[in-house]
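1. Here is my input, please return the structure:
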Amino acid sequence: MEVLSTIVNVVVLLALIGILLYMQKKHVSFSKRVFTGLGLGILFGVSLQLIFGRSSDVIKDSVDWFSLVGNGYVKLLQMVAIPLIMVSIISAIIKVKAKSGVGKLSTLIIGLLLFTTAISAAVGISAALGFNLKAVNIEQGEKEQKRGEYLNGKLADVEDKTIPQQILDVVPSNPFDDMTGSRPTSTIAVVIFAAFIGIAVRGIAKKKPAEAELFTKFVEAVYAVVMRIVTIVLRLTPYGILALIAKVTATTNYAEIAKLGQFVIASYVALIVMFIIHLIIIALNGLNPVTYVRKALPVLSFAFTSRTSAGALPLNVDTQVKKLGVSEGIANFSASFGLSIGQNGCAGIYPAMLAIMIAPTVGIDPFSFNFIATLIAVVTISSFGVAGVGGGATFAAIIVLSTMNLPVALAGLLISVEPLIDMGRTALNVSGSMTAGLVTSKVTKDLDVNVYNAPSRVEDVDGGVTA
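-> Predicted coordinates for the structure are as follows:
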């Protein structure tokens, strides 16, 4: 009976995928298909849990098959992420106009990412204090104890390193090893290596223009191939989101979420407030924030359901260039830098909230101005090199808590709601990188305002133009 139920569930998923395929053949816009996939996935996942129960073998077997679509899609995006970062950064540096300057663009983007991270830390602190969150009020079960032991094990990797040493970790010593994602700081290391290649090509162009032109044509050819792969993968987005959100809603333990409801609510209040701050920053630069929300929503929805900033990279770049009018170079810079620097959700709000919650357990007054000021500074500096994949927030929390001499194991108390909160954190990370790219492009006067202000009639990833 269980096998039959699993087969039926898989058939239903395939039928829902068939609906999305039919919409694609009818040239329904990409955004509408993405949100249709999201809605169908939520309804399907909730229905499965109501019928079979979250812990049933039917659910476990069903979501295992769903993962072929959902996790398979995420893996394809991660597959193309490093090649895209490499060729995008090299191409961006080569194409950067002399008046803009690589250094100026990099400084502006990184500065904006760190600035918004500092603000997000302050927002997280305010949320934790406002909701009176304390680690001592959270019940610790077997699962939480195991998570605490795991975090203590991870602590050994960073506890003996000062902040300067942690920053030094982002410098690549073996870029080819970093291309495999072997370290938490691998992504930013690849960005740095690619930047050196791009700068070197610009320097060669002055002395050996023929060689520089040959390499530039090679990069352009590789870039065209990689972007074609990206386009092919992005076409799978509605199906990937359908399977991912179905899995999440079918397996979520709503009872445990209810027990930690106050922390969940406080976290999402902080995330929403920070997103509003992004909109305010955009508005202060003379751009309509409603337009940004409408055009950025598909990529933010994907980041929300997939919980991977790195996986959202292709959609991030595509949205900035084709829908928001950001120049190609700046879009690639901001999206790539945003994977490992200044993640507003994972490296900003989350570690700050944890530190405020844990501080009273060791006799520290969480309202102390010196403690808060130090915490904001540590969170901002520690946001260098945080991985844009699952576990990035944990790595950021370990660094911040260990630097502030706070017990890392207590962060394991929140394991039950970690996936739910990570969804919002990831979406905020991506919004932060897009905001940095948009504002930088506006400041440097590289923004195509006509593209930004254009109505929802935008280029589709399928190659057509849809309303």
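
2. Give me the pLDDT for V136.
-> V136 is assigned 72 on the pLDDT scale.

3. oh, I was asking about P360
-> 90.

4. low-confidence ranges in the stretch 301-450 of the chain?
-> Low-confidence segments of the stretch 301-450 of the chain (pLDDT under 70): 385-392, 409-413, 415-416.

5. can you give me the helices in it?
-> Ranges of helices within the stretch 301-450 of the chain are 313-322, 328-337, 350-358, 369-382, 392-403, 418-443, 449-453, based on DSSP state H, counting those that start in this stretch.

6. ok, L113 touching I341?
-> Yes: here L113 lies in contact with I341, judged by C-beta atoms under 8 Å, at a distance of 5.1 Å. Placement of C-beta: from N, CA and C, glycine included.

7. what sits in contact with each of those two?
-> Taking C-beta atoms under 8 Å, 6 or more residues apart in numbering as the contact rule, L113 and I341 both touch S383.

8. hang on, the earlier thing: mind checking the helices of the stretch 301-450 of the chain for the one nearest to A205?
-> For these, proximity to A205 was assessed by C-beta to C-beta; helix 328-337 is nearest, at 15.8 Å.

9. What helices and strands are in contact with the closest one?
-> With contacts taken as 3 or more C-beta pairs under 8 Å, 6 or more residues apart in numbering; DSSP states H and E, helix 328-337 sits against helix 57-95, helix 102-130, helix 186-207, helix 313-322, helix 418-443.

10. Mind giving me the packing neighbours of the last one?
-> Identification of packing neighbours for helix 418-443 by 3+ C-beta pairs under 8 Å, 6+ apart yields helix 102-130, helix 261-284, helix 289-306, helix 313-322, helix 328-337.

11. Pick the most deeply packed of those helices.
-> helix 328-337 (a mean of 28; mean count of other C-beta atoms under 10 Å).

12. from the middle of its chain, how far away would that helix be?
-> 14 Å (C-alpha atoms, centre = their mean, to the nearest Å).

13. ditto for stretch 190-206
-> On the basis of C-alpha atoms, centre = their mean, stretch 190-206 sits 26 Å off its chain's mean C-alpha point.

14. For that stretch, buried residues please.
-> 190-195, 197-198, 201-202, 204-205 (16 or more other C-beta atoms under 10 Å).

15. gap between G432 and F218?
-> Going from G432 to F218 by C-beta to C-beta, to the nearest Å gives 33 Å.

16. Looking at the two, which one has more neighbours?
-> Neighbours were tallied for G432 and for F218 using other C-beta atoms under 10 Å; the higher tally belongs to G432 (31 against 11).

17. Could you report the pLDDT at V171?
-> 82.

18. Quick check: it is in a helix.
-> No: applying DSSP: H, G, I helix; E, B strand; the rest coil, one finds V171 to be coil, outside a helix.

19. Ramachandran coordinates for it?
-> Dihedral pair for V171: phi -70, psi 130, per degrees, to the nearest 10.

20. In this structure S106 contacts N332, no?
-> No: using C-beta under 8 Å as the test, S106 is too far from N332 to be in contact (11.6 Å).

21. what touches both of those two?
-> Common neighbours of S106 and N332 (C-beta under 8 Å, 6+ apart) do not exist.

22. Show residues contacting stretch 351-362.
-> By C-beta under 8 Å, 6+ apart, stretch 351-362 touches 120-122, 124-125, 127-129, 133-136, 266-267, 270, 365-366, 371, 375-376, 379, 382, 393, 396-397, 399-401, 404-407, 410-411, 414.

23. and that stretch, which residues are buried?
-> Applying 16+ other C-beta under 10 Å to stretch 351-362 flags 351-359 as buried.

24. With just CA atoms, put that stretch into CSV.
-> Extracted C-alpha coordinates of stretch 351-362, given in CSV (Å, rounded to 0.1, in the frame of the first residue of the first chain):
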residue,chain,number,x,y,z
PRO,A,351,24.5,35.9,14.2
ALA,A,352,23.5,39.2,15.8
MET,A,353,20.2,37.8,17.1
LEU,A,354,22.0,34.7,18.4
ALA,A,355,24.6,36.7,20.2
ILE,A,356,21.9,38.8,22.0
MET,A,357,20.0,35.7,23.0
ILE,A,358,23.1,33.9,24.4
ALA,A,359,24.8,36.9,26.1
PRO,A,360,22.8,36.7,29.3
THR,A,361,23.8,33.0,29.8
VAL,A,362,27.4,34.2,30.5
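
25. Off-centre distance for it?
-> 24 Å.

26. Could you do stretch 83-92 as well?
-> Distance, centroid of stretch 83-92 to centroid of chain: 18 Å (C-alpha atoms, centre = their mean).
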